[in-house]
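> predicted structure and sequence below. I'll ask about it afterward.
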Amino acid sequence: MTIIGFVRHGVTAWNKEGRVQGNSNIPLDEEGIATAEKLARRLAAEEWDIIFTSPMTRARQTADILATELHIEVVEDHRLRERSGGLIEGTTEQERQQKWGLKWRELDLQSETAESVVARGMEFVKEQIKRNSNQRILVVSHGSFLKRIIMALMGDQKYAITIDNTSLTVIDVETKSCALLNDTSHLVGGLDGNPI
């Protein structure tokens, strides 16, 4: 069986400000680095074979932190990048409403379509089932991307949830069984990984 552990990158300043990041290359902030380190310590107790990551800075930083702890290879794959936000990248909800009105979501603001995101994400997953059969694969990517791919894989609206920063979702992609969904139990303790 092929297992994929989907990980959302650590938090950034733009996450905290509520800004759409999309394809903007925003680095992790101090908290994002610390929570990625906590996730790495958690994953070190498990067996993982390889990490695939989005080439975006925030995802690559997260993947590198995991790889250092797990002693495994990181491979960038452009199909794992975040959904392009088009004209809304870098803006907050308040700024979008001021610029385009309350119904800004109904406008064509040049964002990548959900269908395009799912198509490239599912292409990646199907390729990994063939190339890395019977492996345990970590995939470090982005909230909007992961939400759509997890829902497409599972084929059920109950999986259409917000994916938290440095959360872990574990799916057997061949049997389509979800062992963990948006799990952040590793964040419960202090920054050193120990309970507060």
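Thanks, I have it.
> show me where pLDDT drops low in this protein?
Scanning the chain for pLDDT under 70 picks out 189-196.
> helices along that one, start to end?
13-17, 30-43, 57-70, 93-100, 114-131, 143-154 (DSSP state H).
> ok, residues contacting the first one?
Same thing as helix 13-17. If you take CB atoms under 8 Å, 6 or more residues apart in numbering as the criterion, helix 13-17 is touched by V20, Q21, S24, I26, D29, G32, G90, T92, N165. Any C-beta I mention is one placed from the backbone N, CA and C, and that applies to glycine too.
> what's around the residue lying closest to the third one once chain neighbours are set aside, how many residues?
If the residues on either side of it in the chain are set aside, S24 comes closest to E89, at 5.2 Å by CB to CB, 6 or more residues apart in numbering. For E89, the count of nearby residues is 19 (other CB atoms under 10 Å).
> just checking, E89 touches E82?
No: E89 is beyond contact range of E82, at 9.6 Å (criterion: CB atoms under 8 Å).
> tell me, what's touching the two both at once?
Q21, G22, N23.
> pretty sure the second one is touching L87, no?
To tie it back to what came earlier, the one meant is G22. No: the pair G22 / L87 is not scored as a contact, 9.9 Å apart, by CB under 8 Å.
> overlap in contacts of the two?
S111.
> and those two? which has more neighbours close in?
G22 (22 against 17).
> the more buried one - nearest residue in space that isn't next to it in sequence?
In space, and not counting its chain neighbours, G22 is closest to G85: 2.9 Å by CB to CB, 6+ apart.
> contact partners for R79?
R120, G121, E123, F124.
> surely the second one and A152 touch.
It stands for G121. Yes: contact criterion CB under 8 Å: G121 and A152 qualify, at 7.0 Å.
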